[in-house]
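[1] Give me coordinates for this.
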Amino acid sequence: MSQSVIRDLVRRSRHKASRDDYATAKNGLDSVRAAFYGTTGRLPNTRADQTRRTRSITGGPGDRHMSQLDLWTEREISRYLRDESTVFDGMIQTWAAEVIQCGFRLKPDTGEEKLNAEVQEALFGWDGDEGWASECDARGMMHFWDLVTLGEETELTDGDVAYYLDPEGNNGRGTISIIEGDRILTPAYGHEERPGHILINGVEMDMAGRPTRFWIADEAPQYCHASSESGRFYPAFDPKRPELGGVLFSVELRRYSATRRQPWLSSAVRAHDEIDDVFVAVRIALRNIACRSTYTKIQNFEQYLQWLQSVDPNLEGVAPEVTLEHTPNPGDHNYLNPGEELGVVETNAPGDNFDPFMQLQLNMLGLGIGMCLEESTRIFQKSFSSSRMAVEGTRRRYERRQKRIKRCKVSPILKFGVARLQAVGDLRKSDRASRIRSGYPGYPYMEPQKDANASKILVETKLRSRRTCATEIGDDYDAELPLIQEEEKLFPAPAAPAANSPPADSQDEPPGDQEQ
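    Got it, this is the predicted structure:
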């Protein structure tokens, strides 16, 4: 049998072994995942497609579709994926970082300059340090914007988040605590509903559907059921009486009649499950392929024989007619003997279509929170124009979310902080003290020169103001103006040359050279 035929058989056996490795790794992952989901009643990798696509036709209000047990299960799966998957966790952190960034630009706009300075100093201190924003965390570990960022990540992971504004904390100055979703639930027994109210998933609502109270467990329960003795009701935050504090609940509903919602990426759990399986299985398969496709080859037999004779001086050998090759065990090719060199059998696993397949799968993840593929995975493989269009579409989602965060989180919390500072006498009482204007963080130019030229044209043609252009890239226009004026005084523009003066490089001709 010729050497080429033997080598071809070896390569075929290696390819079959690599396929077996892939199947073994995939089966092992399926068993682990089935064991995990079996405890929660969800078997996304073992049910048939027809079973998964069975639709519920229960009908009724939104909470009929999301029971307390289902909400608990979805939340636990989402938390597990965030703990175990860098892709899942990275998407959530990227969203929160891009939306909040370092915080919004907050400026008191009370109409009185002295009161503006007092509010600025009491709330934010000097340059964002000190002040109430630095001491508002009930645990004493985070700044105000750290709390807002963590709250956004929690809402993405759990589906909703609550802030408890405690008026008695910090010697009456008020503190903030984040209440996670598993502590807000309906007690299994021992509670009585008030007339004209209904309690669903821990949220008590009046007949108009407005939250009035929240039942919160003292500690996070182990299961989705708790007794009435393990917690109590907390009043909802009333913006008309901010000094009393209460629970500030944040949720972006999918149905108007619902009280809670499932995690943002729960619709992408199965897609992410498959992606995670593929990533792990391919990594294991490629590792085994890399080990088995490596072989050592005796390139210089005389040096190899000399090395063998150093062990056995009486050894005699004849140089082979063809190059000797042998495949080491995985991990045994770290050191080469004299006269040997390392070779690798060419392989194209997992295949040329792997990248397009993974991009198609990853798109399903980003759709859950409105992120494009480039933004969610930080993979930019398309043309610059298409990537820019995709990122700009995602940024419009960011801007929409920023306004909601300002309206539903930042403004109520700051109103509570101002009211508590006024209650303890650290801030002058005024109805206009809580008027604080928010400036959202912008985004830098993608192509600085082109975008700057476009902004210049829009300003010169009076289609856009300089303030709008500065706001789009995240600059504070009011803060930049005095800096520009200061630089104009320090570095004035050079004076323009007089109209009749000769050019700077011209010189008078000497008298002896003039014509007589």
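[2] Which secondary structure state is assigned to Leu199?
    When classified by DSSP: H, G, I helix; E, B strand; the rest coil, Leu199 comes out as strand.
[3] show me what contacts it?
    186, 191, 193, 215 (Cβ atoms under 8 Å, 6 or more residues apart in numbering). For the C-beta atoms, the positions are set from N, CA and C on the backbone; glycine is no exception.
[4] The same query, at a cut-off of 7 Å, please.
    Going by Cβ atoms under 7 Å, 6 or more residues apart in numbering, Leu199 touches 186, 193, 215.
[5] so where is the stretch 101-250 of the chain shaky, pLDDT-wise?
    Residues of the stretch 101-250 of the chain that meet the criterion pLDDT under 70 are absent altogether.
[6] If any of the contacts of Leu199 are buried, give me the PyMOL selection for them.
    Restricted to buried positions by 16 or more other Cβ atoms under 10 Å, the PyMOL selection for the contacts of Leu199 reads:
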select buried, resi 186+215
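[7] Please narrow the contacts of Leu199 to those residing in strands.
    Trp215 (DSSP state E).
[8] From the contact counts, what lies against the helix or strand hosting Ile284?
    Per DSSP states H and E: Ile284 is located in helix 269-292. On a contact count with 3 or more Cβ pairs under 7 Å, 6 or more residues apart in numbering; DSSP states H and E, helix 269-292 meets helix 3-38, helix 68-84, helix 354-366.
[9] I'd like to know which elements the last one is packed against.
    So that's helix 354-366. helix 269-292, helix 373-377.
[10] Can you report how many residues lie near Gly202?
    26 (other Cβ atoms under 10 Å).
[11] ok, it touching Ile184?
    Yes - the pair Gly202 and Ile184 qualifies as a contact (Cβ atoms under 7 Å) at a distance of 3.9 Å.
[12] Export the contacts of Leu199 to JSON lines and append columns for distance to Lys107.
    Putting the contacts of Leu199 into JSON lines (distance: Cβ to Cβ, whole Å) gives the following:
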{"residue": "Thr186", "distance to Lys107": "42"}
{"residue": "Glu193", "distance to Lys107": "44"}
{"residue": "Trp215", "distance to Lys107": "38"}
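[13] Out of the contacts of Leu199, which comes closest to Lys429?
    Trp215 (34.1 Å; Cβ to Cβ).
[14] That closest one touches Pro187, doesn't it?
    Yes - using Cβ under 7 Å, Trp215 is in contact with Pro187, at 6.3 Å.
[15] I'd like the distance between Arg75 and Leu265.
    11 Å (Cβ to Cβ, to the nearest Å).
[16] So between these two, which is more surrounded?
    It is Leu265, of Arg75 and Leu265, that has more neighbours when counted by other Cβ under 10 Å, with 25 against 22.
[17] is it true that the more buried one touches Gly368?
    Yes - under the criterion of Cβ under 7 Å, Leu265 is in contact with Gly368, at a separation of 4.2 Å.
[18] quick one, what contacts Val424?
    Val424 sits in contact with 172-173, where contact means Cβ under 7 Å, 6+ apart.
[19] which stretches of the stretch 401-516 of the chain form strands?
    436-439 (DSSP state E, counting those that start in this stretch).
[20] mind listing the helices for it?
    Assigned by DSSP state H, counting those that start in this stretch, the stretch 401-516 of the chain shows helices spanning 411-423, 448-460, 466-472, 477-490.
[21] Could you single out the most deeply buried of those helices?
    Counting by mean count of other Cβ atoms under 10 Å, helix 411-423 has the highest mean neighbour count of the helices of the stretch 401-516 of the chain, with a mean of 22.
[22] How many neighbouring residues does the closest residue to Gly103 other than its chain neighbours have?
    Nearest in space to Gly103, with sequence neighbours left out and distances taken as Cβ to Cβ, 6 or more residues apart in numbering, is Trp145 at 3.8 Å. Using other Cβ under 10 Å, Trp145 is surrounded by 17 other residues.
[23] contacting residues for Trp145?
    With Cβ under 7 Å, 6+ apart, Trp145 has these contacts: 100, 102-103.
[24] Buried ones among those residues?
    Applying 16+ other Cβ under 10 Å to those flags 100, 103 as buried.
[25] Quick check: of the contacts of Trp145, which lies closest to Gly209?
    For those, the nearest to Gly209 is Ile100 (29.2 Å; Cβ to Cβ).
[26] Isn't that closest one up against Gly151?
    No - using Cβ under 7 Å, Ile100 is not in contact with Gly151, being 9.3 Å away.
[27] still on that earlier bit, output the helix holding Ile284 in CSV with nothing but the alpha carbons.
    This file holds the C-alpha atoms of helix 269-292, laid out as CSV (Å, rounded to 0.1, in the frame of the first residue of the first chain):
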residue,chain,number,x,y,z
VAL,A,269,-33.1,32.2,25.9
ARG,A,270,-33.4,29.3,23.5
ALA,A,271,-31.3,31.0,20.8
HIS,A,272,-28.6,31.8,23.3
ASP,A,273,-28.8,28.2,24.7
GLU,A,274,-28.0,26.8,21.2
ILE,A,275,-25.2,29.4,20.7
ASP,A,276,-23.6,28.5,24.0
ASP,A,277,-23.8,24.8,23.1
VAL,A,278,-22.2,25.4,19.7
PHE,A,279,-19.4,27.5,21.1
VAL,A,280,-18.5,25.0,23.7
ALA,A,281,-18.8,22.0,21.4
VAL,A,282,-16.7,23.6,18.7
ARG,A,283,-14.1,24.6,21.1
ILE,A,284,-13.7,21.1,22.4
ALA,A,285,-13.7,19.6,18.9
LEU,A,286,-11.1,22.1,17.7
ARG,A,287,-8.9,21.4,20.6
ASN,A,288,-9.0,17.6,19.9
ILE,A,289,-8.5,18.2,16.2
ALA,A,290,-5.5,20.4,16.9
CYS,A,291,-4.0,17.7,19.0
ARG,A,292,-4.7,14.8,16.6
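[28] what's the average pLDDT for that helix?
    For helix 269-292, mean pLDDT rounds to 75.
[29] what helices or strands is the following helix or strand past that helix leaning on?
    Later in the chain than helix 269-292, the nearest helix or strand by DSSP H and E is strand 294-298. Packing partners of strand 294-298 (3+ Cβ pairs under 7 Å, 6+ apart): strand 325-326, strand 340-344.
[30] Looking at these, spot the one closest to Asp451.
    Checked against Cβ to Cβ, the stretch from those lying closest is strand 340-344, at 46.4 Å.
[31] what comes into contact with that closest one?
    Applying Cβ under 7 Å, 6+ apart, the set of residues contacting strand 340-344 is 293-299, 304, 333, 336.
[32] Which residue is the nearest non-sequential neighbour of Pro441?
    Looking at Pro441 with Cβ to Cβ, 6+ apart, the closest residue is Gln101, at 4.2 Å.
[33] Tally up the residues packed near the one you found, please.
    Gln101 - counted by other Cβ under 10 Å - has 17 other residues nearby.
[34] Quick check: the gap between it and Pro338.
    Distance from Gln101 to Pro338, by Cβ to Cβ: 59 Å.
[35] And Glu472, by the same measure?
    Note on Glu472: its distance to Pro338, by Cβ to Cβ, is 66 Å.
[36] Ok, Phe354 next?
    Phe354 is 39 Å from Pro338, by Cβ to Cβ.
[37] And Ile77, by the same measure?
    Taking Cβ to Cβ, one finds Ile77 at 56 Å from Pro338.
[38] out of these two, which sits in the busier spot?
    Each of Ile77 and Pro338 has its neighbours counted (other Cβ under 10 Å); Ile77 has more, 22 against 14.
[39] what's the burial count for the closest residue to that one other than its chain neighbours?
    Distances taken as Cβ to Cβ, 6+ apart put Val269 closest to Ile77, at 5.9 Å, once the chain neighbours are dropped. Val269 is flanked by 22 other residues according to other Cβ under 10 Å.
[40] count of residues packed around Asn116?
    Asn116, neighbours per other Cβ under 10 Å, totals 18.
[41] residues in contact with it?
    Here Asn116 is in contact with 108, 110 (criterion: Cβ under 7 Å, 6+ apart).
[42] how about it, secondary structure?
    Applying three-state DSSP: Asn116 is helix.
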